[in-house]
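1. Please find the sequence and the predicted model below.
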Amino acid sequence: MKRSGFFLCLLLGVFMFMSMFASSLHAKKLTVAVDTAFVPFEFRDSDTGEYVGFDIDLWDAIADRLGVEYELQPMDFSGIVPALQTGSVDAALAGITITAEREKVVDFSHPYYDSGLSIMVMKDNDEIQGPEDIEGRTIAVRTGTTSADHAPRLNPADIVQFPNIEAAYMEVRAGRVDAAMHDTPNVLYYIQTAGDDQVKAVGPRMQSQSYGIGFPLGSELRNDVNVAFLELVDSGEYAEIYKKWFGEAPNPR
């Protein structure tokens, strides 16, 4: 009897703890970091001034399922992981690639997008057909990204880094660098929507990688977000959001 009473008290304590956590989650307004300009994942709508994109819609759907309020905190990409480390934000969506180094300092959700790196050159450039042709040439990348980490492996003569990728793309168009390298969906989106038929992607997709939602280490929010995300996948809502921004259904998960 004493043992059963002990276990009953233990279960009651666990239930009360979980209830208190759920209540605190719903009571707190979350701060969610996003990139200032990473189309089509997050960017400012020129007509409304609001931030829109795949990441924005995905997080909104997750927050709706969790029943939580939040505010977006746009910031430069290079500051997002440090913001998670200090706990100044509760979560972050910014096309953040899940890497071993980042896993040491922040937690990640289940992968929600499969990406990679692509090279962009001027449309009339026939000398660069792929990554093997970057050796001895100049390439532009965005600071703090996996492109900046990967660029030295291509043995370029010079790597020029910019705080935003649009500046890197304009360097290509201005003829000041031979190529730019960045996440595949962003490269393709730029070519299709703002490239003015002057630029193209060359070579295969490199460095197969996955994006995850970032959290401070040990965040109790992570598991709830994972459950909500999987529910979105099961219900088909994730596929609808994906198709809205990429024009095709995602690969089966």
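-> Now that the structure is in, tell me what you want to look at. Residues are numbered from 1 along each chain as shown.

2. Which residues are in contact with the nearest residue to I98 once chain neighbours are set aside?
-> For I98, ignoring the flanking residues on the chain, the nearest one in space by CB to CB, 6 or more residues apart in numbering is G212 at 4.5 Å. Glycine gets a C-beta too; all of them are placed from N, C-alpha and C. Contacts for G212 (CB atoms under 8 Å, 6 or more residues apart in numbering) come out as I96, I98, F108, S109, H110, P111, Y112.

3. Likewise for P156?
-> Per CB under 8 Å, 6+ apart, neighbours of P156: I134, E135, G136, R137, T138, I139.

4. Out of those, the closest to D197 would be?
-> Among the contacts of P156, I139 lies closest to D197 (CB to CB), at 22.1 Å.

5. which residue is nearest the middle of this structure?
-> In the chain, the centroid-proximal residue (CA atoms, centre = their mean) is G95; its distance is 1.3 Å.

6. My read is that that one contacts V34, right?
-> No: G95 lies out of contact with V34 (CB atoms under 8 Å); the separation is 9.6 Å.

7. Overlap in contacts, those two.
-> D55.

8. part of a strand, is D107?
-> Yes: the assignment for D107 by DSSP: H, G, I helix; E, B strand; the rest coil puts it in a strand.

9. That one touches L217, doesn't it?
-> Yes: if you go by CB under 8 Å, D107 and L217 touch, sitting 5.6 Å apart.

10. Looking at these two, which one has more neighbours?
-> D107 (19 against 13; other CB atoms under 10 Å).

11. all helices of the stretch 51-200 of the chain, in order?
-> Assigned by DSSP state H, counting those that start in this stretch, the helices in the stretch 51-200 of the chain fall at 54-66, 80-86, 100-103, 146-150, 165-173, 184-193.

12. Perfect, that will be all.
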